[in-house]
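Asker: mind folding the following:
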Amino acid sequence: MQGNKTSIHVVCGLISFLLFLQVLDVQSQEIAPKTELDKKVEAFLEGYEGKWRDMNIPASDGKLLYDIILKNGYTKGLEIGTSTGHSAIWIAWAFSKTGGKLITIDIDETRHKRALANLEKAGLLDYVDARLADAHELVKELDVTFDFVFSDADKGWYINYFKDIAPKLKRGGCFTAHNVRPKSSGQRGMRGTGEYLEYVLGLDTFTTTVDNSGGGLAISYKN
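Answerer: This next block holds a predicted model:
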């Protein structure tokens, strides 16, 4: 009986110690000094706060994408629909910490050039391969395995993008899609996104949830 009690005390002590280490790790991450790149990105984002237009995401969704990448340690990303680069900046910033890189695609030359300029000003151009192309075609042709995808282009093509990318997504990888709202939220997603959400929710190869804190983000992890 005494031996059992001792074993229980040892196990409890070990669990407490492991939890203590986790707390220390979280605290060390929170108090880690900012790099010069962090300061540059933050200054750029602060300077553009409230000024993003042309189909860019809200900052809260950018932070969400950033957190997903860091939490999972993703390194190979694809963005479908660069616009002028707000989401690419958040994604590339996360990849600057994981050692990753983002391929981002936009069909509009003006937006593409503006995104390149913004990424350069933010100091993140080295972490991005920005391509001026028709995503309908390029996504099919990409011979790359990804672990993170952000789709924010033509909503009626979301299912097609997903079908083209799903085989190239690593197990445990994440496919996110913007402007998606579940019917239960009481908010309307953009046209075409309802069909997309219904489709991904019906897949047993993916687990999908929707974050409604910003513009509506469907988050699908490959099982």
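Asker: C-alpha only now, for contacts and for neighbours.
Answerer: Fine.
Asker: read off the pLDDT value for the residue nearest the centre of the chain.
Answerer: Central residue of the chain (Cα atoms, centre = their mean): residue 65, 3.2 Å from the mean position. Per-residue pLDDT puts residue 65 at 97.
Asker: run a quick neighbour tally on the closest residue to it other than its chain neighbours.
Answerer: With sequence-adjacent residues excluded and distances taken as Cα to Cα, 6 or more residues apart in numbering, residue 65 is closest to residue 91, at 6.4 Å. Around residue 91 there are 32 other residues, counting by other Cα atoms under 10 Å.
Asker: give me phi/psi at residue 91?
Answerer: Backbone geometry at residue 91, expressed as degrees, to the nearest 10, gives phi -70, psi -50.
Asker: so it versus residue 120, what's the distance?
Answerer: Separation of residue 91 from residue 120 (Cα to Cα, to the nearest Å): 14 Å.
Asker: mind listing what's buried along the biggest strand by length in the chain?
Answerer: When the chain is parsed with DSSP state E, its longest strand is strand 169-178. In terms of neighbour count (16 or more other Cα atoms under 10 Å), strand 169-178 has its buried residues at 169-170, 173-178.
Asker: out of the residues you listed, which is nearest to residue 113?
Answerer: Nearest to residue 113 among the buried residues of strand 169-178 is residue 178, at 22.3 Å by Cα to Cα.
Asker: residue contacts, that closest one?
Answerer: Listed by Cα atoms under 8 Å, 6 or more residues apart in numbering, the contact partners of residue 178 are 150-152, 215-218.
Asker: same thing but 6 Å
Answerer: Remark: with contacts taken as Cα atoms under 6 Å, 6 or more residues apart in numbering, residue 178 is in contact with 152, 216-217.
Asker: quick one: which of those has the most company?
Answerer: Neighbour counts for the contacts of residue 178, by other Cα under 10 Å, peak at residue 217, which reaches 25 neighbours.
Asker: what are the ranges of the strands in the protein?
Answerer: 76-80, 101-106, 128-132, 146-151, 169-178, 206-211, 217-222.
Asker: relative to residue 71, how far out is the residue nearest to the centre of the chain?
Answerer: Taking Cα to Cα as the measure, residue 65 falls 10 Å from residue 71.
Asker: could you do residue 219 as well?
Answerer: Counting by Cα to Cα - residue 219 and residue 71 are separated by 14 Å.
Asker: give the residue from the two that has the larger number of neighbours.
Answerer: Comparing residue 219 with residue 71 by other Cα under 10 Å, the one with more neighbours is residue 219, at 23 against 11.
Asker: so the more buried one sits against residue 212, correct?
Answerer: No - using Cα atoms under 6 Å, residue 219 is not in contact with residue 212, being 10.9 Å away.
Asker: send me stretch 159-169 as PDB with only the CA atoms.
Answerer: Extracted C-alpha coordinates of stretch 159-169, given in PDB (Å, rounded to 0.1, in the frame of the first residue of the first chain):
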ATOM      1  CA  ILE A 159     -14.400  24.200 -54.100                       C
ATOM      2  CA  ASN A 160     -12.200  23.900 -57.200                       C
ATOM      3  CA  TYR A 161      -9.200  25.400 -55.400                       C
ATOM      4  CA  PHE A 162      -9.700  23.000 -52.500                       C
ATOM      5  CA  LYS A 163     -10.000  19.900 -54.700                       C
ATOM      6  CA  ASP A 164      -6.800  20.900 -56.600                       C
ATOM      7  CA  ILE A 165      -4.800  21.500 -53.400                       C
ATOM      8  CA  ALA A 166      -6.100  18.800 -51.000                       C
ATOM      9  CA  PRO A 167      -3.900  16.100 -52.500                       C
ATOM     10  CA  LYS A 168      -0.900  18.400 -52.200                       C
ATOM     11  CA  LEU A 169      -1.600  19.200 -48.600                       C
END
